[in-house]
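> No sequence on hand, only this structure:
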């Protein structure tokens, strides 16, 4: 049960900080100014999908 709560909190945190990632992408031109291979928003979205998948898997068990 504690594992589910931790994963759900992490997913909620990712959702809450997604606008910050978008703002950083605007400021750094999609990460080009800091030599990132992918924009911060893409990285955050991938992590959000992984966390949501983990929450669903935990519920299914």
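Received, thanks. Bear in mind the structure is a predicted one, so any value in this text is a computation, not a measurement. Numbers count the residues shown, from 1 in each chain.
> for this structure, what's the longest helix?
helix 2-27 (DSSP state H).
> Who are the packing partners of whichever helix or strand comes after it?
Downstream of helix 2-27, the first helix or strand assigned by DSSP states H and E is helix 40-60. Judged by 3 or more C-beta pairs under 8 Å, 6 or more residues apart in numbering; DSSP states H and E, helix 40-60 is in contact with helix 2-27. Every C-beta, even on glycine, is put in place using the N, C-alpha and C of the backbone.
> Could you give me the buried positions within the helix it packs on?
7-8, 10-11, 14, 18, 21, 24-25 (16 or more other C-beta atoms under 10 Å).
> Show me what that helix is packed up against.
helix 40-60.
> So for the residue most central in space within the chain, what's the nearest residue that isn't a sequence neighbour?
In the chain, the centroid-proximal residue (C-alpha atoms, centre = their mean) is residue 44; its distance is 3.1 Å. Once flanking residues are discounted, residue 44 sits nearest to residue 21: 4.3 Å by C-beta to C-beta, 6 or more residues apart in numbering.
> tell me the contacts of that neighbour?
39-41, 43-44 (C-beta atoms under 8 Å, 6 or more residues apart in numbering).
> who are the neighbours in contact with residue 42?
No contacts exist for residue 42 under C-beta under 8 Å, 6+ apart.
> Kindly report the same for residue 15.
residue 48.
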